[in-house]
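**Student:** What follows is a protein structure lacking sequence information:
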Ligand SMILES: NC(=O)c1ccc[n+]([C@@H]2O[C@H](COP(=O)([O-])OP(=O)(O)OC[C@H]3O[C@@H](n4cnc5c(N)ncnc54)[C@H](OP(=O)(O)O)[C@@H]3O)[C@@H](O)[C@H]2O)c1
C-alpha cells in the first residue's frame, strides 16, 4: 500500500507496482482525487484498490486499518509517501509547522505502528519504505545538543518525540531561528529528520526479523511540492523507489538511507 498516491511520486509508484503485477492499494486523503487516480490507471489497463486515508487524522488511520484487516490476510509492502510542505522553493515559513509534523512524522509513525501486526508472518521479506528527504539529514542540524541526541546508538522514540516537541515550542515562542535547526524548509526538514530517526529505531527493533525498513530520498523531483520544478520526473523517481522496494530478499538491506539519483548511493540511517 502507498499513502498520498493520488498524484506525484506516490501515484507513479503505485503505477509501477501495479505494472509489476502486485496487488496494490492506492490511498489518498481526498475521495474524489483518489478515485480519479484509480480511474486513470484503469484506462491504462491497471487495476488497483482504493481507500481514503488522511495520515494526519488518527481516526482515518483507524478506519483504514480496520478495513485492511477485514479485507486482506497480510501486508507485504508499506510505502509511507504522503507529506506536505507549505513553502515555495526559496521560502522558509514555519506557520504550518504543526500540520507538517502531524502529516510527515506523526502520521507515518501512527500508521506504521497500526499496520505492524498485519505484516506477513513468513520468511519472505516485508518492506517499509519511508519517502524522506536529504533536507532531513543530520548534518543540516547545527545545534550540537540536538545532534547528540539523534546520533545516539540507543536513541528512543520518546527522544525523537521530544526533539519534535522542542522545535514546535521554539516555533510557538518565536525562538526557532536562533536555535540551530536546519536552515532550508525548516519545519519540513525537521519532520524528515524525525522520520529518518524513527526509521532507524524501527529498523533496529526488527533487526534479524523479516521486516526491512529503509528511507528513500527521491531527489529534486518535478511535482506539486516543488511547483513542478526539479531535475527529473515523478516517474523517474518512482522507478528507482520501486526497484528498491522489489529487491530480492537476500539483497534487501535494512536501516539504509537511499539517495535516488546520480549513482545509487546508500548510507547508514
Ligand atoms: N518532489 C521533491 O523534490 C521531493 C524531494 C524529496 C522528498 N520528497 C518526498 O516525496 C514524497 C512525495 O511527494 P511529491 O513530491 O510527490 O509531492 P506531491 O505531488 O505534493 O504529493 C504529495 C501527496 O501527499 C498527499 N498528502 C498530503 N497530506 C496528506 C495527508 N494528510 N494524508 C494523505 N495524503 C496526504 C497529497 O495529497 P493531496 O493531493 O490531497 O494534497 C499528495 O497525494 C513526499 O514524502 C515528499 O516529502 C519529494
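**Tutor:** Nice, thanks for sending it over. Only a predicted model underlies this, so the values are computations on that prediction, with no experimental measurement involved. Residues are numbered from 1 along each chain as shown.
**Student:** how far out from the middle of the chain is the one helix or strand residue 63 maps to?
**Tutor:** In this structure, residue 63 is located in helix 58-71 according to DSSP states H and E. Distance of helix 58-71 from the chain centroid (CA atoms, centre = their mean, to the nearest Å) equals 19 Å.
**Student:** Skip ahead from it and say which helix or strand is next.
**Tutor:** For helix 58-71, the succeeding helix or strand toward the C-terminus, using DSSP H and E, is strand 77-80.
**Student:** Counting by contacts, list what whatever helix or strand comes next after that next one packs against.
**Tutor:** Following strand 77-80 in sequence order, the next helix or strand is helix 97-101 (DSSP H and E). Counting contacts by 3 or more CB pairs under 8 Å, 6 or more residues apart in numbering; DSSP states H and E, helix 97-101 packs against helix 157-172, helix 186-205. Quick note: C-beta positions are derived from backbone N, CA and C, even for glycine.
**Student:** when you scan the helix holding residue 63, is anything in it near the ligand?
**Tutor:** No - using CB under 6 Å from any ligand atom, we find that helix 58-71 stays clear of the ligand, coming within 7.7 Å at best.
**Student:** And that helix, what's buried?
**Tutor:** Neighbour counts using 16 or more other CB atoms under 10 Å place 60-61, 64-65, 68 of helix 58-71 among the buried residues.
**Student:** Would you mind listing what in the stretch 51-200 of the chain touches the ligand?
**Tutor:** Contacts of the stretch 51-200 of the chain with the ligand, taken as CB under 6 Å from any ligand atom, map to 53-56, 81-84, 103, 131, 133.
**Student:** okay but residue 254 is in contact with residue 205, surely?
**Tutor:** No - with contact defined as CB atoms under 8 Å, residue 254 does not count as touching residue 205 (10.5 Å).
**Student:** residues near the nearest residue in space to residue 176 that is not next to it in sequence, how many?
**Tutor:** Leaving aside its sequence neighbours, residue 176 sits nearest to residue 170 (CB to CB, 6 or more residues apart in numbering; 4.1 Å). The number of residues packed near residue 170 is 18, by other CB atoms under 10 Å.
**Student:** change the start of the numbering to 39 and stick with it
**Tutor:** Will do, 39 is the new start, and the previous item becomes residue 208.
**Student:** Please name the residues that touch residue 208.
**Tutor:** Taking CB atoms under 8 Å, 6 or more residues apart in numbering, we find residue 208 in contact with 214, 217, 219.
**Student:** try residue 253
**Tutor:** Applying CB under 8 Å, 6+ apart, the residues contacting residue 253 are 167-170, 233-234, 237, 294-296, 307.
**Student:** Which of those residues fall within helices?
**Tutor:** 233-234, 237 (DSSP state H).
**Student:** okay, the residue nearest to residue 111 when sequence neighbours are not counted: pLDDT?
**Tutor:** With CB to CB, 6+ apart as the criterion, residue 111 has its nearest non-adjacent residue at 8.0 Å, and that residue is residue 158. Residue 158 carries a pLDDT value of 92.
**Student:** Residue 158 touches residue 115, doesn't it?
**Tutor:** No - Residue 158 is beyond contact range of residue 115, at 9.8 Å (criterion: CB under 8 Å).
**Student:** can you list the weak-confidence ranges in the chain?
**Tutor:** Scanning the chain for pLDDT under 70 picks out the ranges 300-303.
**Student:** Could you count how many residues lie near residue 203?
**Tutor:** By other CB under 10 Å, the residues close to residue 203 number 11.
**Student:** Just the terminal-to-terminal distance for stretch 173-191.
**Tutor:** Length of stretch 173-191, first residue to last, CA to CA, to the nearest Å: 22 Å.
**Student:** one step back: which one of the helices and strands packed on helix 135-139 lies nearest to residue 51?
**Tutor:** The closest of the helices and strands packed on helix 135-139 to residue 51 is helix 224-243. By CB to CB, the value is 16.9 Å.
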